[in-house]
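Undergrad: sequence plus predicted model, see below.
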Amino acid sequence: MAEFFTNPLVQSVLVPVAGGFILTGAIRFANGRAKGPLVAGAAVALGFLVGYVLIVGLPPLPPVSNQQKLAYVVAGGLIIGFLMDFSRRPPFYRELVYIVGAAAALYWMALPKIAGGTAWTYLSLVALWIAAGLIGYRLEKSRANVVNACAPLLVAALGLGLVALFGRTGSYSQLAFSLATAFGGFMLWNWPIARYPFGATLLLGGAGALVTIAYALALYTEASPYALAMLLLCFFAEPVARRIKLPAGKIGEAFRPVAVGAVALIPALAAVAVAYLTAPGQEAGY
Amino acid sequence: MRTRSIIAGAAALMASTALIGTASAADNYKIDATHTNIIFIVDHLGFSNMIGQFQSFEGNFSFDGKSVEGASVKLTIKTASVDTDHEARDKHLSSPDFFNVQEFPEMSFTSTKFEATGDKTAKMTGDLTMLGVTKPVTLDVTFNKADKFPMDPNVFIAGFSAKGTVNRQDFGMKYAAGAIGDNIGLWIEAEGHKQ
């Protein structure tokens, strides 16, 4: 049985997708008809954290490495987001917490680099924060349909996983796949009919996990920074997909997220290609 | 009464002289990187044991040439110098999956205790700090030789070998557990120049 859970496919795909799916239903029904739908998105971060424990193990407290900090950032985002959705805070609060939280998480993750950092280090940190802000901004713009907002997150997480893989970091690659599949499990409840809103739980816990993995890859790995930057374009897929003509009515509505995901795939595939072509030691066939 | 005081004073003087003598007899040596290898051996999927080493390190040891109990060793290793004779694998070993070199550029070992096990052998216990985690590690040490360098009598060299095992998971290195071995064999061949 223990051997089953050491299989990377089980850790990064099977468990998070099952966790994302089962927990979405469990959280929805445990919290009742009124508040359940608001906090059902907590399943994404929870599914990811279950995958995290299988891949990395339980992180110590206090965490020593950035990979261990990641778990606490996601858990923090999940708890704050859950409480905000549960108490029906207005959107302004989650946007404020997201942007401040993105800066705080970046500062915490970058601590070993900040001491003795150069101007380039600080510029890179500012660029990462702006990128996190752009992701939050785009998600808020497309949150009217939860799957339209989640599709770029899923595609970007898949892209992040492959970029990490070509950057010779298997554990972050697995973590990104785990996040993508947890989003997939949640999205199964919301397609073709969107049932649950995109609230603070998804923004701080789910998108927060993606942003924090990207921070770690940019700061501490050989992952291509160009590929990481290209993944940002996934979040501009929704306005482009809106130009694609789809049948009117429910069918068109159902295929809109598919169109968003398909458009998001273009920059994601380009990012993966760049990561592959610039991978360290690629010619050695390792 | 006066006789007792004189005897006590003489005993104290003799004891302090002995201590000073012991302290001054321990010589300090600087690790000679060109004749030192820090090697690790790890099980690869059960098929074979992969060998790697660290190319950049510095350290020193002190040793009186007679008794190991008072000896000490301090070693600092640059983790980015990991070398398995394969560039792509070295990049992977440098990543957060293994040595996480950008976040933890150094690992270190500081001895805390030596116990003689034979004329030229001892158990050396010390604190190994890797990935920000410090754990005690015990290595079997064999003292090889201490003598003047044949090509330059002004240089005095001491050399030793050390072997042991470290469980990587104890230090939080958990990636690919079950596939890549947990117990890492350590093998150090070291020479030092007397300062």
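TA: Arrived safely, thanks for sending.
Undergrad: going by C-alpha atoms from here, please, whenever you check contacts or count neighbours.
TA: OK.
Undergrad: how many neighbours does residue B:134 have?
TA: Applying other CA atoms under 10 Å in any protein chain shown, we find 16 residues neighbouring residue B:134.
Undergrad: is it in a bridge, and if so with what?
TA: Bridge pairing for residue B:134 (DSSP bridges) gives the partners residue B:129.
Undergrad: verify the contact between it and residue B:171 for me.
TA: Yes: assessed by CA atoms under 8 Å, residue B:134 is found in contact with residue B:171 at 7.5 Å.
Undergrad: show me which residues of chain B sit near chain A.
TA: Applying CA under 8 Å from any CA of the partner chain, one finds that chain B approaches chain A through B:86-89, B:91-92, B:95-97, B:100, B:102-103, B:131-133, B:174-175, B:177-178.
Undergrad: same thing but 7 Å
TA: Within chain B, the positions near chain A by CA under 7 Å from any CA of the partner chain are B:87-89, B:91-92, B:95-97, B:102-103, B:132, B:174-175.
Undergrad: export stretch B:181-191 to CSV, keeping only CA atoms.
TA: Taking C-alpha atoms only, stretch B:181-191 is exported to CSV below (Å, rounded to 0.1, in the frame of the first residue of the first chain):
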residue,chain,number,x,y,z
GLY,B,181,18.5,5.2,-1.8
ASP,B,182,18.0,6.8,1.6
ASN,B,183,21.3,5.7,3.1
ILE,B,184,24.1,7.6,1.5
GLY,B,185,27.6,6.1,1.9
LEU,B,186,30.2,8.7,2.7
TRP,B,187,33.9,8.2,2.0
ILE,B,188,36.5,10.9,2.8
GLU,B,189,40.2,10.6,1.9
ALA,B,190,41.9,13.6,3.4
GLU,B,191,45.4,15.1,3.7
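Undergrad: what lies in contact with it?
TA: Applying CA atoms under 7 Å, 6 or more residues apart in numbering or on different chains, the contact partners of stretch B:181-191 are B:31-32, B:35-44, B:157-169.
Undergrad: and if you look at stretch B:103-114?
TA: A:112, A:220, B:68-69, B:71-80, B:122-132.
Undergrad: pull out the buried residues from the residues of chain B next to chain A.
TA: B:87, B:88, B:89, B:91, B:92, B:95, B:96, B:97, B:102, B:103, B:174, B:175 (16 or more other CA atoms under 10 Å in any protein chain shown).
Undergrad: checking the last one next. Helix, strand or coil?
TA: Using DSSP: H, G, I helix; E, B strand; the rest coil, the secondary structure recorded for residue B:175 is coil.
Undergrad: now the closest residue to it other than its chain neighbours: how far from residue B:31?
TA: Once flanking residues are discounted, residue B:175 sits nearest to residue B:97: 5.5 Å by CA to CA, 6 or more residues apart in numbering or on different chains. Using CA to CA, to the nearest Å, we find residue B:97 at a distance of 30 Å from residue B:31.
Undergrad: pLDDT at residue A:222, what is it?
TA: In this model, residue A:222 is scored at 90, pLDDT.
Undergrad: residues near it, how many?
TA: So residue A:222, with other CA under 10 Å, has 25 neighbours.
Undergrad: got the phi/psi numbers for it?
TA: Residue A:222 adopts backbone torsions of phi -90, psi 10, taken as degrees, to the nearest 10.
Undergrad: mind listing what residue A:151 touches?
TA: Residue A:151 neighbours (CA under 7 Å, 6+ apart): A:257, A:260, A:261.
Undergrad: again with residue B:193
TA: Counted by CA under 7 Å, 6+ apart, residue B:193 has contacts B:29, B:30, B:31, B:32, B:155, B:156, B:157, B:158.
Undergrad: got a PyMOL select line for the buried ones in those?
TA: Buried members of these, defined by 16+ other CA under 10 Å, are picked up in PyMOL with:
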select buried, chain B and resi 29+30+31+32+156+157+158
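Undergrad: what about the residue of chain B found nearest chain A, which helix or strand?
TA: Going by CA to the nearest CA, chain A is nearest to residue B:88 of chain B, at 4.3 Å. Taking DSSP states H and E as the definition, one finds residue B:88 inside helix B:87-94.
Undergrad: CA atoms of that helix as PDB?
TA: Extracted in PDB, the C-alpha atoms of helix B:87-94 (Å, rounded to 0.1, in the frame of the first residue of the first chain):
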ATOM      1  CA  GLU B  87      26.200  17.700 -16.300                       C
ATOM      2  CA  ALA B  88      22.400  17.200 -16.400                       C
ATOM      3  CA  ARG B  89      22.400  15.000 -13.400                       C
ATOM      4  CA  ASP B  90      24.500  17.500 -11.500                       C
ATOM      5  CA  LYS B  91      22.000  20.200 -12.300                       C
ATOM      6  CA  HIS B  92      19.300  18.000 -10.900                       C
ATOM      7  CA  LEU B  93      21.300  17.200  -7.800                       C
ATOM      8  CA  SER B  94      21.700  21.000  -7.300                       C
END
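Undergrad: distance of residue A:36 from residue A:87?
TA: On the measure of CA to CA, residue A:36 and residue A:87 end up 12 Å apart.
Undergrad: cool, and residue B:128?
TA: The gap separating residue B:128 from residue A:87 is 48 Å, by CA to CA.
Undergrad: what about these two, which has more around it?
TA: The neighbour comparison of residue B:128 against residue A:87 (other CA under 10 Å) goes to residue B:128, with 22 against 11.
Undergrad: I'd guessed the more buried one sits against residue B:139; true?
TA: No: applying CA atoms under 7 Å, one finds residue B:128 not in contact with residue B:139, separated by 11.0 Å.
Undergrad: next step: the contacts of residue A:151 restricted to strands.
TA: Judged by DSSP state E, strands contain none of those.
Undergrad: residue B:192 falls within a strand, correct?
TA: Yes: Residue B:192: assigned to a strand according to three-state DSSP.
Undergrad: that one: how many residues sit nearby?
TA: Residue B:192 - counted by other CA under 10 Å - has 23 other residues nearby.
Undergrad: now do it, the pLDDT please.
TA: For residue B:192, the predicted pLDDT is 95.
Undergrad: now do the SS call for the closest residue to chain B within the stretch 101-250 of chain A.
TA: Nearest residue of the stretch 101-250 of chain A to chain B, counting by CA to the nearest CA: residue A:168, 4.9 Å away. The three-state label given to residue A:168 by three-state DSSP is coil.
Undergrad: would you agree it is in contact with residue B:94?
TA: No: checked against CA under 7 Å, the pair residue A:168 and residue B:94 is beyond contact range at 8.9 Å.
Undergrad: okay, the two: which has more neighbours?
TA: Neighbour totals were compared for residue A:168 and residue B:94, and residue A:168 leads with 29 against 26 (other CA under 10 Å).
Undergrad: contact partners for residue A:206?
TA: So residue A:206 contacts A:44, A:45 (CA under 7 Å, 6+ apart).
Undergrad: name the SS class of it, please.
TA: helix.
Undergrad: just residue B:70 next, same as before
TA: Here residue B:70 is recorded as coil under three-state DSSP.
Undergrad: and it, backbone torsions?
TA: Main-chain torsions, residue B:70, degrees, to the nearest 10: phi -90, psi 10.
Undergrad: and if you look at residue B:114?
TA: phi -120, psi 140.
Undergrad: and the residue nearest to it when sequence neighbours are not counted, how many neighbours?
TA: Nearest residue to residue B:114, sequence neighbours excluded (CA to CA, 6+ apart): residue B:124, at 4.6 Å. Residues within reach of residue B:124, counting by other CA under 10 Å, total 26.
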